[in-house]
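> Give me the fold of what follows.
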Amino acid sequence: MKTIYRVQSHNDENWQVKREGAEQATKTFRKKEDAYQYGREVCDSNRPSELIVHKLDGEIEDKSLYND
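Below is the predicted model of the structure:
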């Protein structure tokens, strides 16, 4: 079963990486690019997983699969 992580806006000023179903973010960043890079590392270390990146408005911008 794959784990899903999301890069999403938090309070319109920060970006967070959050595991789907978790109450708290794994980590929060000031820049979206930093959150994206961290999300990639987390997914790579926790295969099988998927990284879903959202735009500021919540729309999905990108998806990446990390398989075994």
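
> Could you pull out the strands in the chain for me?
Per DSSP state E, the chain carries strands over the ranges 3-10, 14-19, 27-29, 49-54, 60-66.

> Tell me how many other residues crowd residue 3.
16 (other Cβ atoms under 10 Å). For the C-beta atoms, the positions are set from N, CA and C on the backbone; glycine is no exception.

> And the pLDDT at it?
What the model reports for residue 3 is a pLDDT of 97.

> what does residue 11 give?
Confidence score, pLDDT, at residue 11: 89.

> likewise the one 4 residues further on?
Per-residue confidence (pLDDT) for residue 15: 98.

> got it, and the one 4 residues further on?
According to the per-residue confidence, residue 19 scores 98 in pLDDT.

> Could you number the chain from 43 rather than 1 from now on?
OK, 43 is where the count begins now, so the last one is residue 61.

> residues contacting residue 98?
51, 54 (Cβ atoms under 8 Å, 6 or more residues apart in numbering).

> burial of the nearest residue to residue 73 once chain neighbours are set aside, as a residue count?
Spatial nearest neighbour of residue 73, chain neighbours left out: residue 57 (6.8 Å); criterion: Cβ to Cβ, 6 or more residues apart in numbering. Residue 57: 25 surrounding residues under other Cβ under 10 Å.

> What of residue 103?
Using other Cβ under 10 Å: residue 103 sits among 14 other residues.

> Now that it has come up, it's in contact with residue 93, right?
No. At 10.9 Å, residue 103 does not count as touching residue 93 under the criterion of Cβ atoms under 8 Å.

> would a markdown table of the strands of the chain with distance to residue 79 be doable?
As requested, those are exported to a markdown table (distance: least, Cβ to Cβ, whole Å):
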| stretch | distance to residue 79 |
| --- | --- |
| strand 45-52 | 10 |
| strand 56-61 | 10 |
| strand 69-71 | 9 |
| strand 91-96 | 11 |
| strand 102-108 | 12 |
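
> So which of these is the most surrounded?
Highest mean neighbour count among these (mean count of other Cβ atoms under 10 Å): strand 56-61, with a mean of 20.
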